[in-house]
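**Q** Structure here, sequence nowhere to be found:
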């Protein structure tokens, strides 16, 4: 009788340790993807990067809360000064640049993506995972990344929302491609490790 609470406590502690480790791993993954050479597009000064692929993977793989925590940890470490943003940038100064809204959207994007992915993985048959997870990643991007990115460009570049929207359009094809890549990778991970979201 006395050993059961101890076993439960030990199991909960082990789960927390795994959660913390996974959050750290995916925060590092986002940072590594940020080091890929950015592709300059448009006139806004915001390049195409692979950071958003890492954010989508965090939400799709870890679920809403751990995914948002991983993206939030990455964002916090970068704002504290670690050079882990695109172009090896870091510090609060990035908030004065045109990428500020995109960066600040990362935790919310992972949260939305993770919520939809969690529902998909609980209810849908595996054969539907890739298209539905693609929809989850695209929804996170459409509902969080792009609106906040547009607001950020409008504020930092002193342009209208309409002008910022036109600047943002160039990122949509790349984001859809990254959403598809993230969905395929996440579906493979969940098939290989079906317990990733079992407790969530």
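**A** Everything's here; your move. Worth saying up front: this structure is predicted, and the values here are computed from it rather than measured.

**Q** Around residue 169, how many other residues sit close by?
**A** By other C-beta atoms under 10 Å, 11 other residues sit near residue 169. The way it works is simple: take the backbone N, C-alpha and C, and place the C-beta from them, glycine included.

**Q** pLDDT at residue 22, what is it?
**A** Looking at residue 22, its pLDDT reads 95.

**Q** so who does it touch?
**A** 62, 66, 70 (C-beta atoms under 8 Å, 6 or more residues apart in numbering).

**Q** Check the gap between the residue positioned nearest the centre of the chain and residue 141 for me.
**A** Nearest to the geometric centre of the chain sits residue 55, at 1.7 Å (C-alpha atoms, centre = their mean). Going from residue 55 to residue 141 by C-beta to C-beta, to the nearest Å gives 9 Å.

**Q** Between the two, which contacts overlap?
**A** Residues touching both residue 55 and residue 141 by C-beta under 8 Å, 6+ apart: residue 109.

**Q** from memory the residue nearest to the centre of the chain sits against residue 71, does it?
**A** Yes. Using C-beta atoms under 8 Å as the test, residue 55 is close enough to residue 71 to be in contact (5.1 Å).

**Q** for residue 83, helix, strand, or coil?
**A** In three-state terms, and counting by DSSP: H, G, I helix; E, B strand; the rest coil, residue 83 is coil.

**Q** who touches both of residue 55 and residue 71?
**A** 30, 106, 109, 110.

**Q** Wait, residue 114 touches residue 63, no?
**A** Yes. In this structure, residue 114 is within contact of residue 63 by C-beta under 8 Å, at 4.6 Å.

**Q** and those two? which has more neighbours close in?
**A** Neighbours were counted for residue 114 and for residue 63 using other C-beta under 10 Å; residue 114 has more, 28 against 23.

**Q** which secondary structure element contains that one?
**A** In this structure, residue 114 sits in helix 100-123 according to DSSP states H and E.

**Q** So which elements touch the following helix or strand past that helix?
**A** As assigned by DSSP H and E, the chain's next helix or strand after helix 100-123 is helix 129-140. On a contact count with 3 or more C-beta pairs under 8 Å, 6 or more residues apart in numbering; DSSP states H and E, helix 129-140 meets helix 51-62, helix 100-123, helix 172-192.

**Q** Quick check: which of these is buried the most?
**A** Among the helices and strands packed on helix 129-140, helix 51-62 has the highest mean neighbour count (mean count of other C-beta atoms under 10 Å), at a mean of 30.

**Q** just the angle between it and helix 172-192, please?
**A** When axes from the mean of the first three to the mean of the last three C-alpha atoms, to 10 degrees is applied, the directions of helix 51-62 and helix 172-192 differ by 30 degrees.

**Q** Between helix 100-123 and helix 51-62, find me the angle.
**A** Here helix 51-62 points in a direction 30 degrees away from that of helix 100-123 (the same axes, to 10 degrees).
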